[in-house]
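Novice: Using only what follows, build the 3D model:
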Amino acid sequence: MATTEAKPAAPQVKTQRERSPAYPFISLKVAFERAATFDAKLGRHGAPYDKAGIAWGYKGDGSQAQQTLSALKYYGLVEYVGPTNDRKVVLTEDARNYMRAQQASTKAQIAQACALRPKAMQTYWARWGADRPMDEICLDQLVIKDNFTEGAAKVFLRVYDETIAFAGLSDGSKIDPEEDGVEQEPEARQERAASPHLQAAPAPILSAAAIRLAMPLKGVGMRQEVFSLAEGDVVVQWPAQLSKDSLQDVADWLPILERKIKRSVSTEAPAAHRQIDLGDDHTQAPDNDEL
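Specialist: Numbers count the residues shown, from 1 in each chain. This is a model prediction of the structure:
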């Protein structure tokens, strides 16, 4: 009697879960509300990272707590202090100043700065502005070109619309991602060059106060130098520990940064200095050994 050999089972292919680009899953308005609840429950001293979610009725280290903390951190409303194995969550000065502020204009300045802190918000604000294209066009951009999942794309559009409306941003506040340190994909640069509508976008006119409030938070293990100018502050951050290769990379980058800064130089002296003889003093860039 003939016997048939059993065919080996086909190997199971483990599919990798799709992951969308990072973005806050709640709007800025909700984030401020969560920050206020955090402050009411835990106060200025904050809480250990794995207990912070209790402030919102979540399991301390559950996924809901982690998502909420990530969203608040994207907007610059919380920061983590201490070593990785003993991190603590505390509110930032921006979060506290927003809650304490009595003037609507002060709240608006903080809100505008926080709204544009998340990289995703900066990127699409520069592309779309306040009057973004219809949903179908935006969804195609997010899903087909930018690798969002369909569900994440819909959530991001809701967060984008609610945040822009809450912060009171208009196209007059539009920023150029390249000037703000946001790297654009080549495709995005081509769109900006090809579209007269995007080319005609107004120059950045965020208020100096809003720009100051948008200053990046200094993270743990980072060093920071602030050099004040009449037009605003120059802020440089770098890791406290650098390898020789990284130092060389920074040294190679500094001339590129200098060229970009020169594009912003005006032939007209700042108003505050027009009546002052500045003499021949010039500020010299630090040597590589000083970084």
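Novice: Same question for stretch 33-47: list its buried residues.
Specialist: 34-35, 38-39, 42, 46-47 (16 or more other C-beta atoms under 10 Å). For glycine as for every other residue, the C-beta is placed from the backbone atoms N, C-alpha and C.
Novice: Identify the residues contacting the closest residue to residue 117 other than its chain neighbours.
Specialist: Nearest residue to residue 117 in three dimensions, chain neighbours excluded: residue 76, at 4.7 Å (C-beta to C-beta, 6 or more residues apart in numbering). Counting by C-beta atoms under 8 Å, 6 or more residues apart in numbering, residue 76 touches 92, 94-95, 113-114, 117, 217.
Novice: Quickly note the distance from the residue nearest to residue 82 when sequence neighbours are not counted to residue 78.
Specialist: With sequence-adjacent residues excluded and distances taken as C-beta to C-beta, 6+ apart, residue 82 is closest to residue 88, at 5.0 Å. Applying C-beta to C-beta, to the nearest Å, the value for residue 88 to residue 78 is 10 Å.
Novice: next one: residue 63
Specialist: Taking C-beta to C-beta, one finds residue 63 at 17 Å from residue 78.
Novice: Who has more neighbours out of these two?
Specialist: residue 78 (25 against 10; other C-beta atoms under 10 Å).
Novice: In terms of pLDDT, where does the more buried one sit?
Specialist: With respect to pLDDT, residue 78 scores 96.
Novice: Kindly list the main-chain dihedrals of it?
Specialist: Per-residue torsions, residue 78: phi -130, psi 160 (degrees, to the nearest 10).
Novice: now do residue 27
Specialist: phi -70, psi 170.
Novice: residues contacting it?
Specialist: 158-159, 162-163, 166.
Novice: By neighbours, which of the residues you listed wins?
Specialist: residue 163 leads the contacts of residue 27 on contacts (other C-beta under 10 Å) with 25 neighbours.
Novice: If you count neighbours, what's buried in the helix or strand where that one lies?
Specialist: In the assignment (DSSP states H and E), residue 163 maps to helix 150-167. Residues of helix 150-167 classed as buried: 152-157, 159-160, 163-164, 166-167 (neighbour count, 16+ other C-beta under 10 Å).
Novice: Report the residue spans of the stretch 1-150 of the chain with pLDDT below the cut-off.
Specialist: 1-18 (pLDDT under 70).
Novice: Provide a list of residues in contact with residue 154.
Specialist: Counted by C-beta under 8 Å, 6+ apart, residue 154 has contacts residue 139.
Novice: Please apply the same query to residue 61.
Specialist: 49-51, 53.
Novice: Start from the N-terminal end of this protein and give the strands.
Specialist: 47-48, 78-81, 88-91, 222-229, 232-239 (DSSP state E).
Novice: give me the number of residues near the closest residue to residue 32 other than its chain neighbours?
Specialist: Once flanking residues are discounted, residue 32 sits nearest to residue 98: 6.2 Å by C-beta to C-beta, 6+ apart. By the criterion of other C-beta under 10 Å, residue 98 has 23 neighbours.
Novice: now, which of the contacts of residue 76 sits nearest residue 254?
Specialist: residue 217 (23.3 Å; C-beta to C-beta).
Novice: can you give me the helices for the stretch 1-150 of the chain?
Specialist: 28-42, 63-74, 93-100, 104-115, 119-128, 135-140, 150-167 (DSSP state H, counting those that start in this stretch).
Novice: Minimum distance to residue 264: which of these has it?
Specialist: helix 119-128 (17.2 Å).
Novice: Now the residue nearest to residue 117: phi and psi?
Specialist: phi 80, psi 30.
Novice: distance of it from residue 91?
Specialist: 10 Å.
Novice: Top of the contacts of residue 76 by number of neighbours, please.
Specialist: That'd be residue 114 among those, by other C-beta under 10 Å, with 29 neighbours.
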